[in-house]
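**Student:** coordinates only, sequence not included:
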């Protein structure tokens, strides 16, 4: 991992390729599985019963590559410049203990979810939406490749969580790597376009606080509400969880049950 060494700026030139490579491998696998191989067999789990156009895939992949470049530049700015000396990154687990190491991962997820929720709502303001967030919302029926399909300005804002966390919270490289991996997986899952959660999870006392592909798909289809990333905490607290989300979940699971 790059951040374990004082790598020169030149070494960080390959960071965008690594970021996009991990993302592309995950998206290729899911696209091949859900959109090609099992396209007909698993159609009953498709949230919207139509598929994105080829032009949608091309647009999403192109903007995703640009986003990877910006994410890589942000990481390089943090780890390969004098800013590194101000990061709260530590390598000795004993400094804060194993319990802190474990809890720092869900702590990071909650911090990111808070950052994402308010940043996301702000970008839906009419004065910002057209200039920043419209590119992402051109994917009304999103695919996995939509996860990183951002306008460059939005990509910069999205990348802001990394320096924010590194300057505020003591983080071990293992916890940081776990967070980055979970962020990638959950973001791609949210744009998968398929329902994978069991019906009972939505009714579980803990499961009801977890965001789902259905909830985020509703946001893309309807453009408002369901602003969270990992959780529904802020949507529930601020009254922005779409009231038709529950009905949508019921409709999809009735279809699944019949199949």
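**Tutor:** Good, I have the coordinates. Treat the numbers as computed from the prediction; the structure is a model and nothing was measured.
**Student:** quick one, what contacts the closest residue to residue 185 other than its chain neighbours?
**Tutor:** Leaving aside its sequence neighbours, residue 185 sits nearest to residue 26 (Cβ to Cβ, 6 or more residues apart in numbering; 7.2 Å). In short, each C-beta sits where N, CA and C put it, glycine included. Contact partners of residue 26, counting by Cβ atoms under 8 Å, 6 or more residues apart in numbering, are 144, 184-185, 188.
**Student:** just residue 51 next, same as before
**Tutor:** 35, 39, 141.
**Student:** if we go to 7 Å?
**Tutor:** Residue 51 makes contacts with residue 35, as judged by Cβ atoms under 7 Å, 6 or more residues apart in numbering.
**Student:** with residue 47 instead?
**Tutor:** 193-195, 213-214, 217, 252.
**Student:** I'd like the distance between it and residue 20.
**Tutor:** For residue 47, the distance to residue 20 (Cβ to Cβ, to the nearest Å) stands at 26 Å.
**Student:** can you pull out the helices in the stretch 151-259 of the chain?
**Tutor:** 152-159, 161-168, 173-190, 199-203, 213-222, 233-237, 244-258 (DSSP state H, counting those that start in this stretch).
**Student:** neighbour-wise, give me the winner out of the contacts of residue 26.
**Tutor:** Among these, residue 144 has the most neighbours (other Cβ atoms under 10 Å), with 27 neighbours.
**Student:** show me what contacts the residue minimising distance to the centre of the chain?
**Tutor:** Most central in the chain under Cα atoms, centre = their mean is residue 187, positioned 2.5 Å from the mean C-alpha point. When contacts are counted by Cβ under 7 Å, 6+ apart, residue 187 touches residue 147.
**Student:** what count of nearby residues applies to residue 171?
**Tutor:** If you count neighbours by other Cβ under 10 Å, residue 171 ends up with 23.
**Student:** then the one 10 residues further on?
**Tutor:** Using other Cβ under 10 Å, the number of residues around residue 181 comes to 12.
**Student:** separation between it and residue 54?
**Tutor:** Distance of residue 181 to residue 54, given as Cβ to Cβ: 30 Å.
**Student:** where in the chain is pLDDT low?
**Tutor:** Within the chain, the stretches with pLDDT under 70 are 1-12.
**Student:** that older thread, could I get the helices of the stretch 151-259 of the chain as CSV with distance to residue 132?
**Tutor:** Below are the helices of the stretch 151-259 of the chain laid out as CSV (distance: least, Cβ to Cβ, whole Å):
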stretch, distance to residue 132
helix 152-159, 5
helix 161-168, 16
helix 173-190, 17
helix 199-203, 31
helix 213-222, 16
helix 233-237, 20
helix 244-258, 25
